[in-house]
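**Q** need a structure here:
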Amino acid sequence: MNQKKLLTYLLGGVALVILPFILQSFGHAWVRIADVALLYVMLALGLNIVVGYAGLLDLGYVAFYAVGAYMFALMASPHLTETFASFAAMFPHGLHTPLWIVIPLGAGLAALFGVLLGAPTLKLRGDYLAIVTLGFGEIIRIFLNNLDHPVNVTNGPKGINQIESIKFFGLDLGDPLMIGNYEVASVTLYYFLFLVLVIFSVLVCYRLELSRIGRAWMAIREDEIAAKAMGINTRNMKLLAFGMGATFGGVSGSMFGAFQGFVSPESFSLMESVMIVAMVVLGGIGHLPGVILGAVLLSALPEVLRYVAGPLQAMTGGRLDSAILRQLLIALAMIVIMLMRPRGLWPAPEHGKSLQQGN
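**A** Residues are numbered from 1 along each chain as shown. A predicted model of the protein is given here:
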């Protein structure tokens, strides 16, 4: 059994390494879809800690994504040096923060915001918790949209541009890499960076699930009163869930800022939070393979459906907008899947069945 698993992992690893080169032959846009899908996988894994493991419905998760993105944007663009003379005097050539500092900073800042969100909501459950977290996400977006006066911190609705690409060990991911006569595109280089981060995220989530902390989160999810009676510190565990889940959002956001080269509040709307929750629910709450599958499907499906919506629009004589048709097709697909697979596409095995199989 172990040999079969090892062979499966090796084949999967080879497929993931080859995939961007195959997609690159069809055009850089397809590799870009894969890059965005990996970012959403990271976001879904982070939200799965909060929703799937701890059972805390968070509708404002995109706020941590925004915090990470704007942190990197401010550190890797000329915005601060152009706005603040004192900052320009201290860093005349800009910050140019290396990758191994950006990732821990993004994770730490997002974790701080996660704890700030979790602290006032410790006694809330269900719908009330969802409403508060939804409000938190909107508050962050509104702040980003309005922090351009009296002091211009975020540049308001215009966003921050001229964000530098990621550089490490002399390699600039914003420029294509030549290996002999073969050109590795910038989007392909970013793919491998995101893939490494996703694999690391999966390993962290897997270890958390099997740890005492993961068991405590699941006990709180099943019955908080019983968990408290068994001696679990539910307050600290909830704060830890919010903080740990937020770290993934912060890292993903900082990578998004570097990849896009531009960030604005429009990228972090409520719809983004809803989509990330939908990824977790559609794939299978609390089950890592299911969450990854849901994230890949819901992030790549809208782009793939562009090629379906065009012919359908032509069939209706152009009376329906292709963007509306695309959203309609996505909604229909989600409804059909949830009717046929109410526990998700790849749900976690039931405890009783898994125990019987183990015996």
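**Q** Quick check: which element contains residue 183?
**A** Using DSSP states H and E, residue 183 falls within strand 182-184.
**Q** ok now that strand, how far from the chain's centre?
**A** Between the centre of strand 182-184 and the centre of its chain there are 28 Å (C-alpha atoms, centre = their mean, to the nearest Å).
**Q** buried ones in it?
**A** By 16 or more other C-beta atoms under 10 Å, the buried positions in strand 182-184 come out as residue 184. For the C-beta atoms, the positions are set from N, CA and C on the backbone; glycine is no exception.
**Q** and it, which strands flank it?
**A** According to DSSP bridges, strand 182-184 forms sheet pairs with strand 177-179 (antiparallel).
**Q** Pull out the buried residues from the strand it pairs with.
**A** Going by neighbour count (16+ other C-beta under 10 Å), nothing in strand 177-179 comes out as buried.
**Q** contact partners of it?
**A** 171, 183-184, 189 (C-beta atoms under 8 Å, 6 or more residues apart in numbering).
**Q** any idea of the mean pLDDT in that strand?
**A** Averaging pLDDT along strand 177-179 yields 88.
**Q** nearest residue to residue 213 other than its sequence neighbours?
**A** What sits nearest to residue 213 in space, not counting adjacent residues and going by C-beta to C-beta, 6 or more residues apart in numbering, is residue 240, at 6.7 Å.
**Q** Can you list phi and psi of that neighbour for me?
**A** phi -60, psi -40 (degrees, to the nearest 10).
**Q** how close does it sit to residue 217?
**A** 8 Å (C-beta to C-beta, to the nearest Å).
**Q** higher neighbour count, these two?
**A** The neighbour count for residue 240 versus residue 217, taken as other C-beta atoms under 10 Å, is higher for residue 217 (29 against 21).
**Q** May I ask which helix or strand encompasses that one?
**A** With DSSP H and E as the test, residue 217 turns up in helix 212-222.
**Q** what's the distance between the helix or strand following that helix and the middle of its chain?
**A** Of the helices and strands lying after helix 212-222 in sequence (DSSP H and E), the nearest is helix 224-229. Relative to the mean C-alpha coordinate of its chain, helix 224-229 is positioned 31 Å out (C-alpha atoms, centre = their mean).
**Q** And the contacts of helix 224-229?
**A** Contacts for helix 224-229 (C-beta under 8 Å, 6+ apart): 125, 216, 219-220, 234.
**Q** Can you give me the buried ones in it?
**A** 224, 227.
**Q** And the average pLDDT for it is what?
**A** Rounded mean pLDDT across helix 224-229 is 93.
**Q** Which stretches in the stretch 1-150 of the chain count as helices?
**A** For the stretch 1-150 of the chain, the helices defined by DSSP state H, counting those that start in this stretch cover 2-26, 28-48, 62-75, 79-83, 85-90, 99-118, 126-146.
**Q** Check those for me: which has the lowest mean pLDDT.
**A** Among the helices of the stretch 1-150 of the chain, helix 85-90 carries the lowest mean pLDDT, at a mean of 85.
**Q** nearest spatial neighbour of residue 68, skipping sequence neighbours?
**A** Excluding its sequence neighbours, the residue lying closest to residue 68 (C-beta to C-beta, 6+ apart) is residue 253, at 2.6 Å.
**Q** Check residue 53 too.
**A** Closest to residue 53 by C-beta to C-beta, 6+ apart is residue 217, at 4.1 Å.
**Q** what about the one you found, distance to residue 174?
**A** Remark: distance between residue 217 and residue 174 (C-beta to C-beta) = 39 Å.
**Q** go on, residue 114?
**A** Distance, residue 114 to residue 174, using C-beta to C-beta: 30 Å.
**Q** out of the two, which sits in the busier spot?
**A** The neighbour comparison of residue 114 against residue 174 (other C-beta under 10 Å) goes to residue 114, with 29 against 16.
**Q** my read: that one touches residue 64, true?
**A** Yes. Between residue 114 and residue 64 there is a contact under C-beta atoms under 8 Å: 6.3 Å.
**Q** Find residues that contact each of those two.
**A** Common neighbours of residue 114 and residue 64, counting by C-beta under 8 Å, 6+ apart, are 245-246.
**Q** Tell me how far stretch 183-195 lies from the chain's centre.
**A** That offset, for stretch 183-195, works out to 18 Å (C-alpha atoms, centre = their mean).
**Q** taking the mean pLDDT, what do you get for that stretch?
**A** Taken as a whole, stretch 183-195 has a mean pLDDT of 94.
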